[in-house]
Each structure stands twice: as structure tokens, then as C-alpha cells.
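*Asks:* here is my input, please return the structure:
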Amino acid sequence: MGSVLALTLLMACSEAHEHTAPAVNPEDSVSMMTTYGVNTLISDSGVIKYRIVTEQWDVNTVRQPSRWEFMKGIFFEQFDEKFRVQGYIQADTAWYFDQQRLWKLRGRVNVRNTNGLIYTSEELYWDGLRHEFYSTVFSRLVTPERTIEGTYFRSDEQMTHYMVTNSKGSFLPNDLEEEKADSTENKK
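*Replies:* Model (predicted):
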């Protein structure tokens, strides 16, 4: 009987504890703007330069560094001054760090320009301050003349001057014949 009384007193004295989640940290804050179904044109000095198409665009200025997030994919088109398409970029996910002017593109990244270059990778950075693209993961470039693959890639914004290291590739037979002819002439 004493143990029943002690158990009853113990249960009566125990307080109910409320289970609450911790406060939201500024790093975890929600976006200040979320836009759905985006198809917008971006101009520079009154000239339309880009089109951005995305299913969802989040702008978060509280997180450090501040960023735009495109978690459901992104498609860019670049135009010349006569509104002709100069190239496009497509990725499954993208982040734009506005203060650094840096794009981080991830997952099935595809780039194509008017020279016929096709670039594919799982990750690509676009540095707006240095006006260059770079990647440190496996990348593949296909041009009308050759195919090059490697694990380090760097290029200008037009993808006309590029470097691929730790690479392998295939070239047209004519390229090899010209190289042999050049080396034979140099030995004479």
C-alpha cells in the first residue's frame, strides 16, 4: 500500500513538459522572395542580354553569403545585340551568390555556343567578376573537330578559349596527319 501511495504522489508531482523546437536561426531563414514559373529577360544598359527560365526562384538575403536559389533547375539563353541566341546553359540546380557574382551550377550541366561547342558536366562555376567558367569535376567538351574529357576545366565566358587538364580525347584523322607532317618538316 505504501508503494502505491508513493507512486501516486510521484505521478502527481511530475510536471508536464512541453516539447518545442529550437528557434529558427538566421542561417536557416526562409527566402525573402519566392517566384514560381519564371520566364524573364535580363538587360544590361538597356540591351537584352539573357533569358532565365525556371520553375522556382528563391532569393535569400539573410543567409551568408546571400544567394538566389534555383532548386528545381534553370535554363539560360544569351543573346547578342540583335537578339540572336549566342548560347545556352542548363542545369538541374543552381545558386547565384550575388555579392561575389558567382554562379554554381550542379547536376546535368549542359552548355552550347554558336561555334558548335557542347559542354557537359555535373558541376560548373561561372565567375562574373573574372568572366570565366571553371570546374574541378569530370567534364566533356565536344566541338565539330574533337572531343576532350578531363577533370579540370577553365574557359572564357564565350567558351572559345579553354583549358582541360588530366584529359583524354579523340581527334579527327586529319589532325594527326597534319601533326606528323609538321614534325617531319621540323626535323629537316
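*Asks:* touching the longest strand seen in the chain from outside, list them.
*Replies:* Counting residues, the longest strand found in the chain (DSSP state E) is strand 47-60. Contacts to strand 47-60, defined as C-beta atoms under 8 Å, 6 or more residues apart in numbering, come from residues 29-43, 66-79, 81, 83. Backbone N, C-alpha and C define where each C-beta goes, glycine included.
*Asks:* what are the buried residues along that strand?
*Replies:* For strand 47-60, the neighbour count (16 or more other C-beta atoms under 10 Å) marks Lys49, Tyr50, Arg51, Ile52, Thr54, Gln56, Trp57, Asp58, Asn60 as buried.
*Asks:* for stretch 132-146, same thing?
*Replies:* Glu132, Phe133, Tyr134, Ser135, Ser139, Arg140, Leu141, Val142.
*Asks:* distance to Met159 added to the residues you listed, as CSV?
*Replies:* CSV is the format used below for the buried residues of stretch 132-146 (distance: C-beta to C-beta, whole Å):
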residue, distance to Met159
Glu132, 10
Phe133, 7
Tyr134, 12
Ser135, 12
Ser139, 11
Arg140, 13
Leu141, 8
Val142, 12
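*Asks:* which of these lies closest to Tyr88?
*Replies:* Phe133 (13.5 Å; C-beta to C-beta).
*Asks:* beta partners for that closest one?
*Replies:* The partner list for Phe133 in beta bridges (DSSP bridges) reads Trp126, Ser155.
*Asks:* now the helices for this structure?
*Replies:* 2-13, 173-187 (DSSP state H).
*Asks:* ok, the nearest residue to Val111 once chain neighbours are set aside - contacts?
*Replies:* Spatial nearest neighbour of Val111, chain neighbours left out: Tyr119 (4.0 Å); criterion: C-beta to C-beta, 6 or more residues apart in numbering. Residues near Tyr119 by C-beta under 8 Å, 6+ apart: Val109, Asn110, Val111, Arg112, Ser139, Arg140, Leu141, Val142, Phe153, Met159.
*Asks:* please apply the same query to Pro65.
*Replies:* Pro65 neighbours (C-beta under 8 Å, 6+ apart): Phe97, Gln99, Gln100.
*Asks:* give me the phi and psi for the last one.
*Replies:* Backbone dihedrals for Gln100, given as degrees, to the nearest 10, come out at phi -90, psi -10.
*Asks:* ok, Phe153 touching Ser167?
*Replies:* No. Between Phe153 and Ser167 there is no contact under C-beta atoms under 8 Å: 9.1 Å.
*Asks:* so how far is Glu157 from the most centrally placed residue in the chain?
*Replies:* Most central in the chain under C-alpha atoms, centre = their mean is Leu105, positioned 0.7 Å from the mean C-alpha point. From Leu105 over to Glu157 the distance is 14 Å, taken as C-beta to C-beta, to the nearest Å.
*Asks:* next: Asn60.
*Replies:* To Glu157, Asn60 is 26 Å away according to C-beta to C-beta.
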